[in-house]
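Novice: Sequence below, structure please.
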Amino acid sequence: MTIAGGLELLAWMFSAVIAGWLVLDMVRVARDHDEHVLTNAAETTDGLDEPRSRDTGGEAR
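Specialist: Below is the predicted model of the structure:
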């Protein structure tokens, strides 16, 4: 086996470990949290997303 072949095999094994970790983490999160919490983001009302008006000198509307 060449060095390139060994590195390729090592990369595939590392990819398999990462994929396994992702699946285990997905199962753990699904068991620990309710579906409602995982699918809906909380809305913020801090006013940071409001567009700025040019005619008022950059103040929020």
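
Novice: Tell me which other helices or strands the lengthiest helix in the chain touches.
Specialist: For the chain, the helix with the greatest residue count under DSSP state H is helix 3-32. Taking 3 or more CB pairs under 8 Å, 6 or more residues apart in numbering; DSSP states H and E as the contact definition, helix 3-32 has no neighbouring helices or strands. C-beta coordinates here come from the backbone N, C-alpha and C atoms, glycine included.

Novice: buried residues in that helix?
Specialist: By neighbour count on 16 or more other CB atoms under 10 Å, the buried set for helix 3-32 is empty.

Novice: Just after that helix, pick out the following helix or strand.
Specialist: Per DSSP states H and E, helix 3-32 leads on to helix 35-39 as the next helix or strand towards the C-terminus.

Novice: pull the CA atoms of that following helix into PDB?
Specialist: Taking Å, rounded to 0.1, in the frame of the first residue of the first chain, the C-alpha atoms of helix 35-39 are listed here in PDB:
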ATOM      1  CA  GLU A  35     -40.000  18.500  18.700                       C
ATOM      2  CA  HIS A  36     -41.700  21.900  19.300                       C
ATOM      3  CA  VAL A  37     -38.500  23.300  20.700                       C
ATOM      4  CA  LEU A  38     -36.400  22.000  17.800                       C
ATOM      5  CA  THR A  39     -38.500  23.200  14.900                       C
END
